[in-house]
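S.K.: need a structure here:
(one chain, ligands or ions: 1)
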Amino acid sequence: MRSSRYYIGLLIAISLLTSCAKHPVFIDRGSYIAQVVPDNPGQDNRVKFLVMHYTAIDDEGSLKTLTSGNVSSHYLIPTKPKLVDNKPVVYYLVNEDKRAWHAGLSQWGNSAGLNDGSIGIEIVNYGYEDRGELREWFPYTSEQISTIAVMMKDIIQRYGIEPQNVVGHSDIAPQRKVDPGPLFPWDELAKRGIGAWPDEETVAFYLAGRETSEPVDIANFQTLLAKYGYQISISGVLDPETQKVVSAFQMHFRASDIKGIPDAQSEAILMALIDKYRTKWIQPVM
Ligand SMILES: [Zn+2]
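M.R.: Predicted coordinates:
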């Protein structure tokens, strides 16, 4: 009597022998067989966001913390990545197919809980130190910047991540987080085609000759922040919660002043970003 194992073997043998687009491929899962239907257009990537972080501790501590079970990320970039064949070596801590625990309570646009659909990259950096009134931020190393640039580009391309969905931890959890901080080189990365950045001419158009520091309507600014993706309530009041969100926005797009006060320049940048990334352009019907 022919066993089912024989039959499965035969199926797989046939599919291997005749492996061209027309013939089905079978995967033996042990207790059942899955017939692959190729080229199904009804699918997209599960990964929609790329989230950038700093660890706030040293190399050894970062690796230990991110592999001890409470928090994790997909990748960790050391202070000075080693070179092998002239390529920087980074730690791969969690398989990209798996969920890493880096975002925590978070929201961006209509998506909440960003651990689900994101890749998280942690960078070894001490963050900041408060010296009296002054907050001093620690710079990233040039090796880290060149490494993250190639990594981010690769991940964005592989998953087709949209520019506005390349974010910092502070963008998606502004009440709790300030990483990757104002020294993260968003502007430099944008020049290499990584992440969102407004067009200068559009910013000038929306600034409309105003002084950059001119105060603006708070409720309108809150509405614009929400439209771009930030989680914020439209209270019309510059309360501490609003200030944190404004500061998170400024750390990403206007790092020269991150006090969290809405002003004309921030408003113009925000409007230019919405124009570029959040408005669906509808072609007029001829
Ligand atoms: Zn973080």
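S.K.: report the contact partners of residue 106.
M.R.: Shown here is residue 106, whose contacts under the criterion C-beta atoms under 8 Å, 6 or more residues apart in numbering are 112, 113, 114, 115, 169, 172, 173. (Each C-beta comes from the backbone N, C-alpha and C, glycine too.)
S.K.: what of residue 279?
M.R.: By C-beta under 8 Å, 6+ apart, residue 279 lies in contact with nothing.
S.K.: near the ion, anything from stretch 172-191?
M.R.: Yes: contact of stretch 172-191 with the ion (C-beta under 5 Å from the ion) involves residue 179.
S.K.: quick one: buried residues of that stretch?
M.R.: Buried residues in stretch 172-191, counted by 16 or more other C-beta atoms under 10 Å: 172-174, 177-186, 189-190.
S.K.: can I get stretch 67-86 in PDB, CA atoms only?
M.R.: Output in PDB follows, covering the C-alpha atoms of stretch 67-86 (Å, rounded to 0.1, in the frame of the first residue of the first chain):
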ATOM      1  CA  THR A  67      18.600  41.500  25.300                       C
ATOM      2  CA  SER A  68      17.300  40.900  28.900                       C
ATOM      3  CA  GLY A  69      13.600  40.500  28.000                       C
ATOM      4  CA  ASN A  70      11.900  43.700  29.100                       C
ATOM      5  CA  VAL A  71      12.700  45.900  26.100                       C
ATOM      6  CA  SER A  72      14.300  45.200  22.800                       C
ATOM      7  CA  SER A  73      14.700  46.500  19.300                       C
ATOM      8  CA  HIS A  74      15.500  44.900  15.900                       C
ATOM      9  CA  TYR A  75      18.900  46.600  15.600                       C
ATOM     10  CA  LEU A  76      21.500  48.200  17.900                       C
ATOM     11  CA  ILE A  77      24.100  50.600  16.500                       C
ATOM     12  CA  PRO A  78      27.200  50.700  18.700                       C
ATOM     13  CA  THR A  79      29.200  53.900  19.300                       C
ATOM     14  CA  LYS A  80      31.900  52.800  16.800                       C
ATOM     15  CA  PRO A  81      30.600  49.900  14.700                       C
ATOM     16  CA  LYS A  82      33.400  47.500  13.700                       C
ATOM     17  CA  LEU A  83      34.300  47.100  10.100                       C
ATOM     18  CA  VAL A  84      34.300  43.800   8.300                       C
ATOM     19  CA  ASP A  85      35.200  44.000   4.600                       C
ATOM     20  CA  ASN A  86      34.800  47.800   5.000                       C
END
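S.K.: now it: buried residues?
M.R.: Neighbour count says stretch 67-86 has 71, 72, 73, 74, 75, 76, 77, 78, 81 buried, by 16+ other C-beta under 10 Å.
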